[in-house]
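Student: starting from these lines, generate the structure:
(2 chains, ligands or ions: 4)
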Amino acid sequence: MFQGVRVTASSSGHELFVLGDSDGYVHLVNRTFEIRSFSAYERGISLLHQSKDSPILVSIGEDEIGVNPVIKVWNLDKNDKHGDPVCLRITRATIPNKAVIASCLAVSDNLSLMAVGFVDGSIIIYRGDISRERSSKQKHLKDDLPSITGLAFQTSGKVIMLYVATVSSVEVYDVTHKDKEKKIHLDGKGCALRCSILAESLPNNDFMVARRDAVYCYTNFVLGPCYAISGEKIQLEWFRSYLVIVAKDMEPAPRISTRVNFFSDLNRDSHIITILDIQNKFIVFTALVKDVSAVLIEWGAIYVLSTDNSLCLIAKSQQYDAQGLMEIFRQFGDHLYIKGDHKGAMEQYIKTIGSLEPSYVIRKYKDSQQVENLTTYLQALHKDGVATGDHTTLLINCYTKLNKPELLKEFVMTKDREVDFNVEVAIEVCRHVSAEDALLLAEKHCLHSWYLTIQIEDQKKYNAALDYIGKLDFEQAEFMIKKYGITLLENVPEETTSFLKKLCTDYEPNNKNSDGSSYSGQQKANPEDFIHYFLNNSERLVEFLEHLIQISSKWSPHIYTTLLEHYIHVWGKQTDHHARLQYEQKIMRLLESPDASYDKLQALILCKAANFKSGILHLYEQNKMYQAILKYHVAQQDYSSLLVCCRRFGHQEPGLWVQALWAVAPQQNLPHDLLDEILSVIEKEKLLSPLSVVDALSYSPNVKVGNVKNYLNKIFQTELKLTEQQKALIEKYTQQTKKSRNTIEGIRNKCSACNKQLELPSVNLFCQHSYHQHCFQTFSENECPMCLPNNKQILDAIQSQEQSKDLHEVFHSQLDRADDAFSLVTAYLGRRVFTELTDYSKVAMGKFFLIVIMDSS
Amino acid sequence: MSYAYLFKYIIIGDTGVGKSCLLLQFTDKRFQPVHDLTIGVEFGARMITIDNKLIKLQIWDTAGQEAFRSITRSYYRGAAGALLVYDITRRETFNHLTTWLEDARQHSNSNMVIMLIGNKSDLESRREVKKEEGDAFAREHGLIFMETSARTAANVEEAFINTAKEIYEKIQEGVFDINNEANGIKIGPQHSPSNASLPPGSQSSSPSSGCC
Ligand SMILES: Nc1nc2c(ncn2[C@@H]2O[C@H](COP(=O)(O)OP(=O)(O)OP(=O)(O)O)[C@@H](O)[C@H]2O)c(=O)[nH]1
Ligand SMILES: [Mg+2]
Ligand SMILES: [Zn+2]
Ligand SMILES: [Zn+2]
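Tutor: Ligands and ions are numbered 1, 2, ... in the order given. Next comes the predicted model:
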């Protein structure tokens, strides 16, 4: 960097590196490594102090040999006429009567105090604004100290302390008040030049002193902890919370974590640089560097200046990219983990989230049963939104293991944060460890299926499940009850039934506040969907269906049929007579109800299957299956009912009596009057020929002639009467025929044209006119000459009607176009086209004629 | 919370006997299974109550390795109590007690209360030093004795608290000069006549600090 220059002093601050050389030059290096040099002394520079925040530079150097060193204060931002920084002050660092070398320099941050230490153990304190010569008062502290090796001001509030390191002691002066400087002896061991430093960012602003065996801290004016880093120390620097130690590489430092060789041609003058993280007691960096001449800290980084004046960056906080930082966190985490500080390690691991594969950390903590820390980590994963379902599962399990239900609750209920996990996974896990939370979670996220599955399958809390469903909107409630209805019905039949009732009639979610806004467009579930739920519970089904029917009458046949089926089913099972009767009434009421649109055929099958008599009969009647009723009674040998039936329906279906006859005939033990009545009706109504009756009766095993004597008598009598009547009629008709024949004879014998005796060939017409053929042909071609005038009129009428079809259209079109519509109508009327059409057509239809030519042969 | 007294302790003994673990168990109630060599001297603190008085224990945990012996010596001065620890599963750590005791007596003030601790009492199966031997050694040298386990925390509280009780009694008896801080005893802030001993910077720190 600076060829041929021997750097003898260095400092940094105000965004600058400041180097002083043996020729009295000050070199200022800025961030872009531009160098600005100016001559500050005639001879060498021994000490430099660059203020951190202001452009003030303090230097100590020599302008002449053997003369006391000179302190100069510069303002680097102001230039003199040569373009060099302005020198604000020149003060001789004088110990009265002595010429001693100044060994160290300290300036307080507010630039109001300056201390210079000398090799003879003297210290001079300069009070007042150091950039102004006049205001400055100096005080010589003479405590017979050994050679001073380090000075540092520590300001806390109004108290200002000056730490002093000498070759063989550590002291601290309270320099708060002028001329009341108080010394406290801290230790009987000292340190070498540049081997003490004030750790500014530590809570107690420890003064650190590096000795061969260790670095000791002085805290609160007593000896504090120490760090056993051995080796001959060259320089200490403080950077944020890191202590930078430069030592001679005599023996390997203990606990080297990373060793980087910056230069391959190592020689004896190699130095070892160790960076110690004081807060975590962890060596973050160790490297061998050839010939360190200074360690400089500026721009958030640590640089090493070698004796050959090459500047080398060894660590820069901002330079770590995210990945690099993560790696550091991980390594440090691993370190802490191995130490057993699992909690501390976790703090580091959490910083790696997003880069480090979580399983790396999880495995560690899982294997060692570090549930609490693992929980912390998993929480962090969730918070960062990188958690997978597995992580959620694990986290919930952790909460359970920790037996911290409140944490679990807090996690799953995500009060003040976004939901950062897969809800379904969480529910699934909670389901096994804390059903309560699973339920809350499901409820919160409206995962109704989950809620109900847990409540029903795991918890067996059917009523709660039902209540829950009751709070849902119609669609969801319907969906859910379809999913779980069967189970619910099995377990809480009463409640479920009443819920279904509601759902199918007037459902309204339970939780809807009754704010008067009644549910318009109420939805109803189709009860048919639920019927099969009641598979094993006819009574509930009956209850359900009865409710429906009560509420409304507009149900599908299936509903009624089902109700009927189950009525009958229950009826069939009843043993108690009274109950049976009750059900019988119910069934009949249903069957007879005009609203009940049950499927009649099915109803009949049901009744038959259960042999429910009144039902069967009712249905037969309804279906007009009177014969079936009849057969039924016969089968039941209920003859009186049979008679009643015949009497009731006989007039609608007369065949019934005959049926009855055929049906009863073969039966044994018939009541007397039965046959009598049947036969008398048959006889009266003449429903069956006596022969058939006899035929029918002949099947009877026990009907004797005597039993039917009455009938037969009546039959014979009637028959006789009939015969006589008919005989009389025959007589009458015979005579009439004779008469007619004579008349016909008469008519046929004369020709209507010539009025002479007819001879063949002749023409005989329907109009009863007859002609000689030649007469006919004379008067006409094929029409009766007598009737012709009349027929002519009819034919005209028909013709004109056919025309009138067209006439109508013509008339209308003419009417549309006519200028004088009235005269047009009058013209038509005059042609009589409208009036008499219908009359004529009637005539034409009724009286059309036909000509028959009778051949003489 | 301000304390009535501050007692300074030092924990000494061979490497690996469990000094750091005892401290960790006492201050953090945690056990660290891995031997993390103490490098230099570390520091821990905890409040206890004796006789209804809050007492702050400031405990210096030292490195047991031979190489660090000289560092340790700097810390005897100003300790009111010492926990001299050996490992009941390693006889040599018991054998070294005399050396430790000599060191302690030589570098500390004569009134220092020394508690002899046989640690790792949970490892009964690997015991090499009988409890009676520890007892005898303590009696012979005027020490208090206890067996502890940093792992199970057995007797850990007691070891630290009994030492404090002993010191406290000595104060009552007037054996300790409590005004000489070199004795490892400090009177708490509200008990001391002036506030001069308040640590500077404990409240407000310099503006450059706290940046990272
Ligand atoms: N079983 C058991 N092991 C213990 C006990 N105390 C400490 N250990 C183990 O012993 C080893 C050493 O413990 P440390 O506390 O680090 O030992 P140390 O005395 O501080 O050692 P140095 O720091 O080198 O002086 C560790 O592996 C501990 O886990 C105990 O009471 N029981
Ligand atoms: Mg230790
Ligand atoms: Zn004729
Ligand atoms: Zn005619």
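Student: ok, for whatever residue of chain A ends up closest to ligand 1, nearest residue in space, not its chain neighbours?
Tutor: Residue of chain A nearest ligand 1, by CB to the nearest ligand atom: A:G340 (7.4 Å). Backbone N, C-alpha and C define where each C-beta goes, glycine included. In this structure, A:G340 finds its nearest non-sequential neighbour in B:Q32, 3.0 Å apart by CB to CB, 6 or more residues apart in numbering or on different chains.
Student: what's the neighbour count on the one you found?
Tutor: A count of neighbours around B:Q32, defined by other CB atoms under 10 Å in any protein chain shown, yields 19.
Student: how about the helices in chain B?
Tutor: Across chain B, reading from the start of the chain, the helices by DSSP state H fall at B:19-28, B:69-76, B:91-95, B:97-107, B:131-141, B:156-173.
Student: and the strands in chain B?
Tutor: For chain B, strands defined by DSSP state E occupy the ranges B:5-13, B:41-50, B:53-62, B:81-87, B:113-119, B:144-147, B:185-187.
Student: so can I have CSV of those showing mean neighbour count and distance to A:L186?
Tutor: Shown next, in CSV, are those (neighbours: other CB atoms under 10 Å in any protein chain shown; distance: least, CB to CB, whole Å):
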stretch, mean neighbour count, distance to A:L186
strand B:5-13, 26, 15
strand B:41-50, 16, 15
strand B:53-62, 21, 16
strand B:81-87, 26, 22
strand B:113-119, 27, 25
strand B:144-147, 20, 32
strand B:185-187, 21, 16
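Student: now render these as CSV, adding distance to A:F779.
Tutor: As requested, these are exported to CSV (distance: least, CB to CB, whole Å):
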stretch, distance to A:F779
strand B:5-13, 165
strand B:41-50, 157
strand B:53-62, 161
strand B:81-87, 164
strand B:113-119, 162
strand B:144-147, 165
strand B:185-187, 169
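Student: export those to TSV and tack on mean pLDDT?
Tutor: Compiled in TSV, the strands of chain B are given as follows (pLDDT from 0 to 100):
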stretch	mean pLDDT
strand B:5-13	92
strand B:41-50	90
strand B:53-62	92
strand B:81-87	94
strand B:113-119	95
strand B:144-147	94
strand B:185-187	82
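Student: out of the ones you listed, nearest to A:V304?
Tutor: Each of those has some distance to A:V304 by CB to CB; the shortest is strand B:41-50, at 29.0 Å.
Student: output the contacting helices and strands for that closest one.
Tutor: strand A:222-227, helix B:19-28, strand B:53-62, helix B:69-76, helix B:156-173 (3 or more CB pairs under 8 Å, 6 or more residues apart in numbering or on different chains; DSSP states H and E).
Student: the worst-scoring helix or strand of chain B on mean pLDDT - contacts with which helices or strands?
Tutor: One helix or strand of chain B scores below all others by mean pLDDT, DSSP states H and E: strand B:185-187, with a mean of 82. In this structure, strand B:185-187 makes packing contacts with strand B:5-13, judged by 3+ CB pairs under 8 Å, 6+ apart.
Student: who does the strand it packs on pair with, and is each partner parallel or antiparallel?
Tutor: Listed by DSSP bridges, the sheet partners of strand B:5-13 and their directions read strand B:53-62 (parallel), strand B:81-87 (parallel), strand B:185-187 (antiparallel).
Student: could I get those strands as a markdown table with distance to ligand 1?
Tutor: As requested, those are exported to a markdown table (distance: least, CB to the nearest ligand atom, whole Å):
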| stretch | distance to ligand 1 |
| --- | --- |
| strand B:53-62 | 7 |
| strand B:81-87 | 7 |
| strand B:185-187 | 25 |
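Student: kindly reformat the ones you listed as JSON lines containing distance to ligand 3.
Tutor: As requested, the strands paired with strand B:5-13 are exported to JSON lines (distance: least, CB to the ion, whole Å):
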{"stretch": "strand B:53-62", "distance to ligand 3": "166"}
{"stretch": "strand B:81-87", "distance to ligand 3": "169"}
{"stretch": "strand B:185-187", "distance to ligand 3": "175"}
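Student: which residues of chain B lie near ligand 2?
Tutor: Taking CB under 5 Å from the ion as the contact definition, chain B meets ligand 2 at B:19-20, B:38.
Student: which one of the strands paired with strand B:5-13 lies closest to A:S770?
Tutor: In terms of CB to CB, the element of the strands paired with strand B:5-13 nearest to A:S770 is strand B:53-62, at 159.2 Å.
Student: tell me where the model's unsure across chain B.
Tutor: Applying pLDDT under 70 to chain B picks out residues B:1, B:190-212.
Student: let's see it at 90
Tutor: Counting by pLDDT under 90, chain B contains low-confidence ranges at B:1-5, B:28-43, B:51-53, B:65-79, B:107-111, B:170-212.
Student: which residues of it lie near ligand 1?
Tutor: B:15-21, B:32-38, B:63-65, B:119-120, B:122-123, B:149-151 (CB under 6 Å from any ligand atom).
Student: just the buried residues from these, in ChimeraX please.
Tutor: In ChimeraX, the members of the residues of chain B next to ligand 1 classed as buried (16 or more other CB atoms under 10 Å in any protein chain shown) are selected with the following command:
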select /B:15,16,17,18,19,20,21,32,36,38,63,64,65,119,120,122,149,150,151
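Student: excluding chain neighbours, what is closest to A:G470?
Tutor: Of all residues not flanking A:G470 in the chain, A:N510 sits nearest, at 4.4 Å (CB to CB, 6+ apart).
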